[in-house]
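In: here is my input, please return the structure:
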Amino acid sequence: MKLINKELYVGVFVLIGLLCAGYLTVVLGGVPMFGPKGYTLYGYFTSVSGLKDGARIEMAGVEIGNVSEIRLDKERLEAKVAFRINQELQLSEDSIASIKTAGIIGEKYISISPGGSDIMLEDKEAFNNTESTLDIESLIRKFIFKDDN
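Out: Alright, predicted model coming up:
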């Protein structure tokens, strides 16, 4: 009888430990539990160097979504970035999506500058105004190898 009680307690303890480990994996790993919430917008950029899937999207320093997909648009020959925006936020059609860097060599993220239009972007629409990432290497190359003529 005592052996069954010990085995039962050990089994319950192991089960609770596994549930806690699973919960921490989901929460700390940022795994969405019930699918993405919000709506999708698209932006076309000439360069998305350093931007990764899952990168944050900010407006006025507040996170409002994340990058859900980055791929090359074969028709426009530009990078097509899919944004997942929180459903409680509506963006106007003249908003500007810019790729920024956190610090000098930090991670890339998208910064949204709000527009003033009364027409709002709907699900699956694209930003009209985008600004690509600043290429630090080319700036340094121009500075170092500048023409002295």
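
In: I figured residue 58 was touching residue 108, is that so?
Out: No - taking contacts as C-beta atoms under 8 Å, residue 58 lies outside contact range of residue 108: 11.6 Å. For the C-beta atoms, the positions are set from N, CA and C on the backbone; glycine is no exception.

In: go through this structure and flag its longest helix.
Out: Across the chain, the longest stretch assigned as helix under DSSP state H is helix 2-29.

In: quick check: mean pLDDT of that one?
Out: In this model, helix 2-29 has a mean pLDDT of 87.

In: what are the ranges of the strands in the chain?
Out: Applying DSSP state E to the chain gives strands spanning 39-45, 56-59, 62-73, 78-85, 96-101, 108-113, 129-131.

In: for residue 146, find the nearest of those.
Out: strand 96-101 (23.4 Å; C-beta to C-beta).

In: what comes up buried for that closest one?
Out: For strand 96-101, a neighbour-count test (16 or more other C-beta atoms under 10 Å) marks 97, 98, 99 as buried.
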